[in-house]
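J.: What follows is a protein structure lacking sequence information:
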């Protein structure tokens, strides 16, 4: 994947967002308190963070609308 730098600053932008990141701890949620053991060898949980957004940059100008859609 090619790394792309943040866009140049736009003086007309009403809102500028640069390098937005939102990561969620995978230790919380539905199965957070469940202890898995040898009785369930095919069930496992990932301990890494979930990266909902990672390095997003954008500008919003007057009259523009932004919609963000993702998994829920």
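T.: Nice, I can see it. Please read these numbers as outputs of a predicted model, since none were measured by experiment. Residues are numbered from 1 along each chain as shown.
J.: where does the protein have its least confident helix or strand?
T.: strand 50-61 (a mean of 90; mean pLDDT, DSSP states H and E).
J.: in that strand, what's buried?
T.: Using 16 or more other Cβ atoms under 10 Å as the test for burial, strand 50-61 gives residue 59. C-beta coordinates here come from the backbone N, C-alpha and C atoms, glycine included.
J.: what does it rub up against?
T.: With Cβ atoms under 8 Å, 6 or more residues apart in numbering as the test, strand 50-61 has contacts from 6-7, 10, 12-24, 26, 66, 70.
J.: Can you go through these and name the buried ones?
T.: For these, buried by 16+ other Cβ under 10 Å: none.
J.: tell me the contacts of residue 15?
T.: 59, 60.
J.: Repeat that for residue 71.
T.: Contacts of residue 71 (Cβ under 8 Å, 6+ apart): none.
J.: Distance check, it against residue 58.
T.: Distance, residue 71 to residue 58, by Cβ to Cβ, to the nearest Å: 20 Å.
J.: show me where this protein has strands.
T.: 13-24, 50-61 (DSSP state E).
J.: tell me the contacts of residue 16?
T.: Here residue 16 is in contact with 9, 10, 58, 59 (Cβ under 8 Å, 6+ apart).
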